[in-house]
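Undergrad: heads up, no residue letters with this:
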Ligand code: 5GP
């Protein structure tokens, strides 16, 4: 997706060797017009698939998923990272290792919002080692529902997330694929 790649080149910062900061349009400040184009592109790429729900994880996935959902005309469900007293005791749960925070955390979705009839498109901001996406796929499968695909805004192809997700049999579509980030240079696939 050309405008997304151009924006990453213009406003992205590399932290260390593996983390890409895109706070000015994706992870802190949100460029809604760009999100709208991202939503349309997800719809184009998954136009042949039946989708009844979009599933993401808080916090950064929510904005992207909501804008995409307007094109799919389906509800968004987001997995919660924090145990809340008002969260149903009946939950699907999965443990995820966070690559950026270097620790495990749990994600949960109330059993009310995922049913076995659902065809679920998973959407997230980044794909690194695939743990968040695999945790979400696990939650969909616990519900007996079908994961129809994983839509990612930025994939880092030098990490092994894609192969880990594809091993589960679920298709991955990424709108920008970063092949390498060496010495301040971002190279796309
Ligand atoms: P994974 O679970 O695939 O290892 O990592 C994906 C999750 O970690 C995403 O939900 C995203 O929030 C975060 N993440 C991974 N890599 C990056 C990165 O380079 N930049 C940012 N901003 N977030 C990342």
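TA: Structure's in. What do you need? This structure is a prediction, so every number in the text was calculated from the model and none was measured.
Undergrad: how about the strands in this protein?
TA: Ranges of strands in the chain, per DSSP state E, are 13-15, 19-21, 53-57, 76-79, 91-98, 103-110, 119-127, 146-156, 172-182, 185-188.
Undergrad: do you know which of these lies nearest residue 133?
TA: strand 146-156 (5.1 Å; CB to CB). For the C-beta atoms, the positions are set from N, CA and C on the backbone; glycine is no exception.
Undergrad: what about stretch 94-114, average pLDDT?
TA: Throughout stretch 94-114, pLDDT has a mean value of 93.
Undergrad: with stretch 147-163 instead?
TA: 98.
Undergrad: pull up the distance across it, start to finish.
TA: 16 Å (CA to CA, to the nearest Å).
Undergrad: starting at the chain centroid, how far to that stretch?
TA: 8 Å (CA atoms, centre = their mean, to the nearest Å).
Undergrad: do it and the ligand come into contact?
TA: Yes. Applying CB under 6 Å from any ligand atom, one finds stretch 147-163 in contact with the ligand at residue 161.
Undergrad: can you redo the strands of the chain as TSV with distance to residue 67 and mean neighbour count?
TA: Shown next, in TSV, are the strands of the chain (distance: least, CB to CB, whole Å; neighbours: other CB atoms under 10 Å):
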stretch	distance to residue 67	mean neighbour count
strand 13-15	24	13
strand 19-21	21	15
strand 53-57	10	26
strand 76-79	10	22
strand 91-98	24	17
strand 103-110	20	16
strand 119-127	10	25
strand 146-156	11	24
strand 172-182	13	18
strand 185-188	23	13
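Undergrad: can I get these in TSV with distance to residue 7?
TA: As requested, these are exported to TSV (distance: least, CB to CB, whole Å):
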stretch	distance to residue 7
strand 13-15	13
strand 19-21	12
strand 53-57	20
strand 76-79	23
strand 91-98	25
strand 103-110	28
strand 119-127	13
strand 146-156	10
strand 172-182	9
strand 185-188	11
